[in-house]
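What follows is a protein structure lacking sequence information:
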């Protein structure tokens, strides 16, 4: 059986690595059944629906029947809970558009109301990730059309009350103390897009405690460590490849920093592995993550 994504491999992995073999077997068989059903449905409707719509329908069917943690469903369910934390501000590290299916700004439309409910004392801030530029969508009429899609996404974030930091910074102030919150556009290793301008974004923030938002964690070792003294960088991107066994993930073979906190001297990077999925609508071991970071004053 040939499918677009290796659901069979995920099903087998669940059987091999689960601590509860009965549940693993049932889950694996169910996933195989649903993927087969999806292919049957695809064959029945392919003459009447565009390809992206068929793929979306098949994935949603698989999710609903296997209780997979598909990104859109998860965000819609968890969105209201995020407000219950004591965080001062929430940061979304890119990939609002995180599926290879469409990669257009209108994917977010059904969830604007839910995401607009995110509130925080100092605001909700975001940066763009590689998918947000729409490089995987192959039906753009022109580069201008693709660039307009990015502008549309930026406008939708503004509509939700989010502050998008595109190679710029803002200050979070308490009394006489301020934190410089710096955001750069995606700055990835090839072949991922490089739109970031850290020098511009961090200009005149050196005397403040700096927090950098940069979607791709490889940016930390390529530029942040050798060229700045920024003490804390927050990133995402890796998803831990949506598969993790204990402390091991194949993501570690691609990304030196792929999950959690990393520190060199006085500089730290935290990589959040995200909520949802890209490609297979499944996670195993690399469970969805919402991170709360508490900043404490350094004791001399």
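In hand now; what should we look at? If you're wondering where the values come from, they're calculated on a predicted model, not measured in any experiment. Numbers count the residues shown, from 1 in each chain.

Could you check which helix or strand contains residue 199?
Per DSSP states H and E: residue 199 is located in helix 198-201.

what sits against the spatially closest residue to residue 250 that is not a sequence neighbour?
Nearest residue to residue 250, sequence neighbours excluded (C-beta to C-beta, 6 or more residues apart in numbering): residue 241, at 5.0 Å. All C-beta spots, glycine's among them, are computed from the backbone N, C-alpha and C. By C-beta atoms under 8 Å, 6 or more residues apart in numbering, the contact list for residue 241 reads 249-251, 254, 286.

measure stretch 157-169 end to end?
Start to finish, the residues bounding stretch 157-169 are 17 Å apart (C-alpha to C-alpha, to the nearest Å).

Give me the contact list for that stretch.
Contact with stretch 157-169 is made by 92, 96, 112, 115-116, 118-119, 123-128, 154, 170, 180-185, 195-198, 200-203, 205, 213, as judged by C-beta under 8 Å, 6+ apart.

quick one: buried residues of it?
For stretch 157-169, a neighbour-count test (16 or more other C-beta atoms under 10 Å) marks 157, 160, 162-169 as buried.

Bridged to residue 232, which residues?
Beta bridges link residue 232 to residue 211, residue 268, judged by DSSP bridges.

burial of it, as a residue count?
Neighbour count of residue 232, defined by other C-beta atoms under 10 Å: 19.

Distance-wise, check it relative to residue 265.
13 Å (C-beta to C-beta, to the nearest Å).

what do you get for residue 243?
32 Å.

With residue 178 instead?
Going from residue 178 to residue 265 by C-beta to C-beta gives 24 Å.

Neighbour count for those two, which is higher?
residue 178 (15 against 8).

Wasn't the more buried one part of a strand?
Yes. Assigned with DSSP: H, G, I helix; E, B strand; the rest coil, residue 178 falls within a strand.
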